[in-house]
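# With the sequence up front, the predicted model follows.
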Amino acid sequence: MQQSRHRLLQRQLKRYVKDLDAIPPEWQQLLSAVDAAYNQADDDRARMERTLELSSQELLAANTDLQQVLASVEQQVAERTVDLTVANDELAETLQQLQQTQLQLVQVEKMSSLGQLVAGVAHELNNPVTFIHGNLRYVTEYIGDLLQVLRQYEQAYPEPVSAVQAAMADVDFAFITADIPRVVSSIAVGAERIDKIVQALRTFSRLDEATVKRVAIDDCLESTLMVLQGNLKLSGGGMIGLQRVYGELPEVECYASHLNQVFLNILTNAIDALHQAPKFTGAPECVEDLVVVAGGLSQADWDVLKVHPQPVIQVRTQVTDGGDLEVQILDNADGIPTAIRDRIFDPFFTTKAVGDGTGLGLSTAYQVITNLHGGSLTCRSTPGFGTAFVIRIPLSQDGQILR
């Protein structure tokens, strides 16, 4: 009877031994050892395969865990990145707000100091001007009385003694008596002019700048124009023209001193631009026909400006259909280049030479109009033609139109 042997051993025996029953008994022990070796090899291979299978499963499980950990880490990194981005944006916004607040505080302090200085100067000027005004009437009366007495004296003594005649000739008595009224009248005109300047300075300074008050915008504009009057003279002679087109306005509730600062900044820029405009300093003039483009002057703007061959600034005021105050300040200088027009309200942006400008004027004006008054400040400009700044603010800071 054949023993049950390993299949590989059985196959080899069938291949090399024809008669399995004829295998000598002494080979049986060898065959048993070989058979045991085959079986042991199968067992070892099975254990190894099982071990490899378990290791593979463990590796797969570990890899799955690792993938989950990586996914979790990536999600955390993404969330953290979003948080950092948001925090960075908030920090940048806060920094910008701080810069704007600092800018406003600096400008407020500057305007406060300027207001105090101007108010002090106005006060010091007001006293002697009042004194001059108060005494001019008496001086006029006294001089009139003296001249009347002199005329009566001349009628009574048409031929004065030679010494008096010589003295009258030396001082040109006839000219003096004729010129004295003109001199007094000129003094009166000058005193009146000084009085207007003092009143303009007092209006411009407005030390109650932290308080919302009802004011006449025309007075604010006039006081600012009076302050800038000396800058209107052109270096080559002549003056920058001023046109005022004031509508019928109610008193406007606003921060008057801050609004005066806005007018001052915009008008100063317009005056500087007209002083520097090549078309008014001998360079070729601009073309006659305006092409209306987005952000540029409107045809209505150009219809106003094109009729003026000389430098001119026009100030227009009106109440809009929406119930807002609108102030337009136009000039016929060379305009603002299109490439930088969108940057003119950025803090510290300036096209002026170092030392001539800080880049804070228009940015401060923008903050005052938009943040402080809840309004809008826009610019229309076409290179070669001119610029228009448009200010709009509510007539009342509580949203109610004042009438």
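Arrived safely. Remember, it's a predicted structure, so these values are computed and weren't measured experimentally. Numbers count the residues shown, from 1 in each chain.
# What ranges does the stretch 301-403 of the chain have for its helices?
In the stretch 301-403 of the chain, the helices defined using DSSP state H, counting those that start in this stretch lie at 338-341, 361-367.
# Between those, which one is closest to Glu159.
Smallest distance to Glu159 across the helices of the stretch 301-403 of the chain (C-beta to C-beta): 71.0 Å, for helix 361-367. Quick note: C-beta positions are derived from backbone N, CA and C, even for glycine.
# Check the average confidence over the closest one, would you?
The average pLDDT within helix 361-367 is 80.
# Also stretch 344-356?
Computed over stretch 344-356, the mean pLDDT rounds to 63.
# ok, now which ones touch Thr211?
Tyr255 (C-beta atoms under 8 Å, 6 or more residues apart in numbering).
# So it: helix, strand or coil?
Under DSSP: H, G, I helix; E, B strand; the rest coil, the three-state class of Thr211 is coil.
# repeat for the one 3 residues further on
Under the three-state scheme (three-state DSSP), Arg214 adopts strand.
# That one - how many residues pack around it?
By other C-beta atoms under 10 Å, 13 other residues sit near Arg214.
# got a pLDDT number for Leu325?
pLDDT for Leu325: 93.
# how close does it sit to Val121?
Distance, Leu325 to Val121, using C-beta to C-beta, to the nearest Å: 29 Å.
# higher neighbour count, those two?
Neighbour comparison, Leu325 and Val121: the larger count goes to Leu325, with 25 against 15 (by other C-beta under 10 Å).
# Show the subsequent helix or strand relative to the strand or helix carrying Ser56.
Element membership for Ser56, per DSSP states H and E: helix 28-156. Following helix 28-156 in sequence order, the next helix or strand is helix 162-171 (DSSP H and E).
# So for that following helix, mean pLDDT?
82.
# do stretch 238-253 as well
Stretch 238-253 comes out with an average pLDDT of 89.
# quick one: terminal-to-terminal distance for that stretch?
37 Å (C-alpha to C-alpha, to the nearest Å).
# Please tell me how far that stretch is from the chain's geometric centre.
Chain-centre distance of stretch 238-253: 24 Å, with C-alpha atoms, centre = their mean, to the nearest Å.
# repeat for stretch 81-93
Centre-to-centre, stretch 81-93 and its host chain are 24 Å apart (C-alpha atoms, centre = their mean).
# Dump that stretch to CSV, restricted to CA.
Presented in CSV, the C-alpha positions along stretch 81-93 are these (Å, rounded to 0.1, in the frame of the first residue of the first chain):
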residue,chain,number,x,y,z
THR,A,81,-4.4,80.0,6.2
VAL,A,82,-7.9,81.3,5.8
ASP,A,83,-7.9,82.6,9.3
LEU,A,84,-4.5,84.2,8.8
THR,A,85,-5.6,85.7,5.5
VAL,A,86,-8.7,87.2,7.2
ALA,A,87,-6.7,88.4,10.2
ASN,A,88,-4.1,89.9,7.8
ASP,A,89,-6.8,91.6,5.8
GLU,A,90,-8.4,92.9,9.1
LEU,A,91,-5.0,94.0,10.3
ALA,A,92,-4.3,95.8,7.0
GLU,A,93,-7.8,97.5,7.1
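# How about that stretch, which residues are buried there?
The neighbour-count check on stretch 81-93 (16 or more other C-beta atoms under 10 Å) flags nothing as buried.
# Report the rounded mean pLDDT for that stretch.
90.
# what do you get for stretch 41-54?
In this model, stretch 41-54 carries a mean pLDDT of 85.
# what's the closest of the helices of the stretch 301-403 of the chain to Gln155?
Closest approach to Gln155 among those is made by helix 361-367 (65.9 Å; C-beta to C-beta).
# Which strands or helices does the closest one pack on?
Counting contacts by 3 or more C-beta pairs under 8 Å, 6 or more residues apart in numbering; DSSP states H and E, helix 361-367 is packed against helix 28-156, helix 256-276.
# Tell me which of the ones you listed sits most buried.
With neighbours defined as mean count of other C-beta atoms under 10 Å, those peak in mean count at helix 256-276, which reaches a mean of 22.
# Could I have the CA atoms of it written out in PDB?
Output in PDB follows, covering the C-alpha atoms of helix 256-276 (Å, rounded to 0.1, in the frame of the first residue of the first chain):
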ATOM      1  CA  ALA A 256     -17.700 124.400   8.900                       C
ATOM      2  CA  SER A 257     -14.000 124.500   9.500                       C
ATOM      3  CA  HIS A 258     -13.400 121.100   8.000                       C
ATOM      4  CA  LEU A 259     -15.500 122.200   5.000                       C
ATOM      5  CA  ASN A 260     -13.400 125.300   4.600                       C
ATOM      6  CA  GLN A 261     -10.400 123.100   4.600                       C
ATOM      7  CA  VAL A 262     -11.800 121.100   1.700                       C
ATOM      8  CA  PHE A 263     -12.600 124.300  -0.300                       C
ATOM      9  CA  LEU A 264      -9.100 125.600   0.500                       C
ATOM     10  CA  ASN A 265      -7.300 122.400  -0.700                       C
ATOM     11  CA  ILE A 266      -9.300 122.000  -3.900                       C
ATOM     12  CA  LEU A 267      -9.000 125.700  -4.800                       C
ATOM     13  CA  THR A 268      -5.300 125.800  -4.000                       C
ATOM     14  CA  ASN A 269      -4.800 122.800  -6.400                       C
ATOM     15  CA  ALA A 270      -6.800 124.600  -9.100                       C
ATOM     16  CA  ILE A 271      -4.700 127.800  -8.600                       C
ATOM     17  CA  ASP A 272      -1.400 125.900  -8.700                       C
ATOM     18  CA  ALA A 273      -2.500 124.000 -11.800                       C
ATOM     19  CA  LEU A 274      -3.400 127.300 -13.600                       C
ATOM     20  CA  HIS A 275       0.000 128.800 -12.600                       C
ATOM     21  CA  GLN A 276       1.700 125.800 -14.200                       C
END
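# what inclination does that helix have with respect to helix 28-156?
Counting by axes from the mean of the first three to the mean of the last three C-alpha atoms, to 10 degrees, helix 256-276 points 90 degrees away from the direction of helix 28-156.
# I'd like to know which elements the helix holding Ser56 is packed against.
Helices and strands touching helix 28-156, as assessed by 3+ C-beta pairs under 8 Å, 6+ apart, comprise helix 7-16, helix 173-205, helix 256-276, helix 361-367.
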